[in-house]
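Colleague: Build me a structure from this.
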Amino acid sequence: MKKTKTLMGGIKENLPSGLVVFLVALPLCLGIASASGAPALSGIIAGIVGGIIVGFISNSNISVSGPAAGLTTIVLNAITDLGAFDLFLCAGIIAGVMQLVLGFVRAGSISNYFPNNVIEGMLAAIGIIIILKQLPHAVGFDKDFEGNETLFDKGINFNYFTEALSAIQPGAVLITLISVGILILWDKIPTLKRLKILPAALVAVAAGILINEFFKMSGSSLTIEKQHLVSLPVPQNLADFKNLITFPDFSGFTNYNVWLAGATIAIVASIETLLCIEASDRLDMQKRITDTNLELKAQGIGNLVSSFIGGLPMTSVVVRSSANANAGATTKASTIIHGVLLLICVLSIPMVLNKIPLATLAAVLIIVGYRLAKPATFKHFWSLGKFQFIPFVATVVAIVFTDLLKGVGIGLAISIFYILQGNMKRAYYLSKEKLTNADEITMKLAEEVSFLNKAAIKKTLKNIKPNSKVIFDARQTAYIATDVLEMIQEFANVRAVEEDIEVELLGFKTSYKDYETDENSHIVITHTRAM
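Modeller: Modelled structure (predicted):
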């Protein structure tokens, strides 16, 4: 009862953000379906299910689920290999079941190991991609499909941008500029900003429709043609609508390739969802934490339902989630509202939606992209030093030039490299800066000393001069690797004896074979060579 009350209570304040996400999601759903080689309505179905069903089950307050551009290549190849979309739907069902299993075995906890600089880098990269992909739409060039989150599919395609520049339509440019102006001024003018029930994106879209309709009525050369407007299937009757829906061919469950496609979708969709959830939680102004295991279960149920009624597989999606956060969403009521609006508008007013210029939607997304990749973010990570900035910027560049998963993988690899490098250097703390002139050296060991620290400790021991004293302080150490213990043992029993080096051990147990230390023990081993 409390959950329902909270959800219902957030409807009024989340209606504007729900409208914004709906406007952003509509062309994305259609574009991703087109790129995936699937029926147009399959993308809308996935958006509806992702909004209503996943939105209701998930406890994420910001993230929005729907068909994902990151899955387009997998879906397209699977449909092509299987030869039929209805067979592919079985793969979606399999993926849903696998995600449910992943949720129950608590696989969502892996999201806790994504560093913040990589997540922020992912958001900035998505922002850059959004801007670059929408600029051609903003000038009236729509050769590429809406919602592709990979900038360069087959290397750097500079022809795409040069073609866009040569195909500039003044009408589209004018509508883009007016829409951007509305979006910026709406947040600057206090009177307009207080009209939360009337979001800036909705005003911009309405203005885009009205301006283009005026161009049509006046016979202006600025008129935006049909191919540059939203394209939604328009069923004439109930029979037409039923024909647009595809149901799964359950014979696909006997096909090995269907199972392989299902497993691939489950893995990729789950990773993308966990990445998006981490990003969404960072975008949440209230800094609430999503239950990632519940999210995997919600995604699994969503993919099951979507596949049973002819929808594409889905994930939690960064673009829609970012638009949701930037529009002021406070609860998951926003994502549910966007799903309901998709359902209502597809059933009732597809003709009105098909009047929306893609240029005005590009303006909405360009503003979203700028907020994700604003210069202040780069400046912030620069100020944190190279160990934070380099993984951040590497993630940005890698995602822009490859794809989301590869880019995040590269960012993680660089972050891990710096962690290992830092770990190797921070195995201990010396009481003396210079070893060459020190008569007494205290090596205060870190809380954990692994085999990775062996080289650093070995280098320090090598520089200790004869006739000195070395204190190994392990009173605050919880774990020491066997390799390191054996090295200390060899130093104390061999070299220390040869060079009259006094060795004192603090916090070690009596046996070198014990890996853990005891803070109450105090053992002194003194080796003095007979004169």
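
Colleague: And the strands in this structure, which stretches?
Modeller: Along the chain, the segments classed as strands by DSSP state E run 64-67, 314-317, 428-430, 440-445, 448-449, 469-473, 479-480, 502-506, 522-525.

Colleague: mind listing what's buried in the second one?
Modeller: Along strand 314-317, the positions that meet the burial threshold by neighbour count (16 or more other Cβ atoms under 10 Å) are Met314, Thr315, Ser316, Val317. Quick note: C-beta positions are derived from backbone N, CA and C, even for glycine.

Colleague: what residue ranges in the stretch 401-531 of the chain are flagged as low confidence?
Modeller: 422-438, 509-531 (pLDDT under 70).

Colleague: can you pull out the helices in it?
Modeller: Counting by DSSP state H, counting those that start in this stretch, the stretch 401-531 of the chain has helices at residues 404-425, 454-462, 482-490, 496-498.

Colleague: could the ones you listed be laid out in TSV, adding distance to Glu295 and mean neighbour count?
Modeller: Output for those, formatted as TSV (distance: least, Cβ to Cβ, whole Å; neighbours: other Cβ atoms under 10 Å):
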stretch	distance to Glu295	mean neighbour count
helix 404-425	17	17
helix 454-462	40	15
helix 482-490	40	16
helix 496-498	56	16
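
Colleague: Need those in a markdown table (columns: distance to Ile265).
Modeller: As requested, the helices of the stretch 401-531 of the chain are exported to a markdown table (distance: least, Cβ to Cβ, whole Å):
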| stretch | distance to Ile265 |
| --- | --- |
| helix 404-425 | 13 |
| helix 454-462 | 43 |
| helix 482-490 | 43 |
| helix 496-498 | 61 |
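
Colleague: what about the ones you listed, which gets the closest to Met217?
Modeller: helix 404-425 (43.5 Å; Cβ to Cβ).

Colleague: what packs against that closest one?
Modeller: helix 116-138, helix 256-283, helix 386-401, helix 454-462 (3 or more Cβ pairs under 8 Å, 6 or more residues apart in numbering; DSSP states H and E).

Colleague: Mind telling me which of those helices the model trusts least?
Modeller: Sorting those by mean pLDDT places helix 454-462 lowest, at a mean of 80.

Colleague: Now do that helix against strand 469-473, angle only.
Modeller: 150 degrees (axes from the mean of the first three to the mean of the last three Cα atoms, to 10 degrees).

Colleague: Show me what helix 454-462 packs onto, helices and strands only.
Modeller: Right, helix 454-462 is packed against helix 404-425, strand 428-430, helix 482-490 by 3+ Cβ pairs under 8 Å, 6+ apart.

Colleague: Any figure for the gap between Leu445 and Arg475?
Modeller: Using Cβ to Cβ, to the nearest Å, one obtains 9 Å as the distance from Leu445 to Arg475.

Colleague: ditto for Ala327
Modeller: 54 Å.

Colleague: Would you mind telling me which of these two has the busier surroundings?
Modeller: Set Ala327 next to Arg475 and count neighbours by other Cβ atoms under 10 Å: Ala327 wins out with 23 against 15.

Colleague: show me what contacts that one?
Modeller: Shown in contact with Ala327 (Cβ atoms under 8 Å, 6 or more residues apart in numbering): Pro16, Ser17, Val20, Val21, Pro199, Ala201, Ser334.

Colleague: Please pick the buried ones from those residues.
Modeller: Counted by 16+ other Cβ under 10 Å, the contacts of Ala327 give Pro16, Ser17, Val20, Val21, Pro199, Ala201, Ser334 as buried.

Colleague: between the helices and strands packed on helix 404-425, which one is nearest to Arg106?
Modeller: Of the helices and strands packed on helix 404-425, nearest to Arg106 by Cβ to Cβ is helix 256-283, at 12.2 Å.

Colleague: Check the offset of the closest one from the chain's centre.
Modeller: Mean C-alpha position of helix 256-283 versus that of the full chain (Cα atoms, centre = their mean, to the nearest Å) differs by 11 Å.

Colleague: Can you list the buried residues in that helix?
Modeller: Neighbour-count burial for helix 256-283 [16+ other Cβ under 10 Å]: 258-259, 261-262, 264-281, 283.
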